[in-house]
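Novice: Next comes the sequence, and after it the predicted model I'd like to discuss.
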Amino acid sequence: MLNTIPPLLFLKESLGGLLGWVVSDCVRVFVEWQTLAAVVLQKQGK
């Protein structure tokens, strides 16, 4: 039982870190896309 706990904790930490990385990457791309869309809309509006 004791031998299975560290790998599970390590796996949980790895998955949590990977999930956080994916989420932050998606947010960054979404913000960049919104900024680009706003610039394009401003250019079309003028």
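Specialist: Perfect, thanks for sending it.
Novice: all contacts plus neighbour counts: C-alpha atoms, from now on.
Specialist: OK.
Novice: Which of the residues in stretch 34-46 are classified as buried?
Specialist: Within stretch 34-46, no residue qualifies as buried by neighbour count (16 or more other Cα atoms under 10 Å).
Novice: so how far is it off the chain centroid?
Specialist: Remark: stretch 34-46 is offset 25 Å from the chain centroid, using Cα atoms, centre = their mean, to the nearest Å.
Novice: Give me the mean pLDDT for the strand or helix carrying residue 20.
Specialist: Residue 20 belongs to helix 5-45 when elements are defined using DSSP states H and E. The predicted model assigns helix 5-45 a mean pLDDT of 90.
Novice: which helices and strands does it pack with?
Specialist: Helices and strands touching helix 5-45, as assessed by 3 or more Cα pairs under 8 Å, 6 or more residues apart in numbering; DSSP states H and E, are absent.
Novice: how close does the residue positioned nearest the centre of the chain sit to residue 44?
Specialist: In the chain, the residue lying closest to the centroid (Cα atoms, centre = their mean) is residue 23, at 2.0 Å. Applying Cα to Cα, to the nearest Å, the value for residue 23 to residue 44 is 31 Å.
Novice: same deal with residue 31?
Specialist: Relative to residue 44, and taking Cα to Cα, residue 31 is found at 20 Å.
Novice: Also residue 6?
Specialist: Taking Cα to Cα, one finds residue 6 at 57 Å from residue 44.
Novice: Can you give the distance from stretch 19-32 to the centre of its chain?
Specialist: The answer for stretch 19-32 is 3 Å, by Cα atoms, centre = their mean.
Novice: Just the CA atoms from stretch 35-46 would do, formatted as PDB, please.
Specialist: Extracted C-alpha coordinates of stretch 35-46, given in PDB (Å, rounded to 0.1, in the frame of the first residue of the first chain):
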ATOM      1  CA  THR A  35      -7.100  41.600 -29.100                       C
ATOM      2  CA  LEU A  36      -6.500  40.800 -32.800                       C
ATOM      3  CA  ALA A  37     -10.300  40.700 -33.400                       C
ATOM      4  CA  ALA A  38     -10.700  44.100 -31.700                       C
ATOM      5  CA  VAL A  39      -7.900  45.600 -33.900                       C
ATOM      6  CA  VAL A  40      -9.500  44.200 -37.100                       C
ATOM      7  CA  LEU A  41     -12.900  45.600 -36.100                       C
ATOM      8  CA  GLN A  42     -11.400  49.000 -35.400                       C
ATOM      9  CA  LYS A  43      -9.700  49.100 -38.800                       C
ATOM     10  CA  GLN A  44     -13.000  48.100 -40.500                       C
ATOM     11  CA  GLY A  45     -15.000  50.600 -38.500                       C
ATOM     12  CA  LYS A  46     -12.800  53.600 -39.600                       C
END
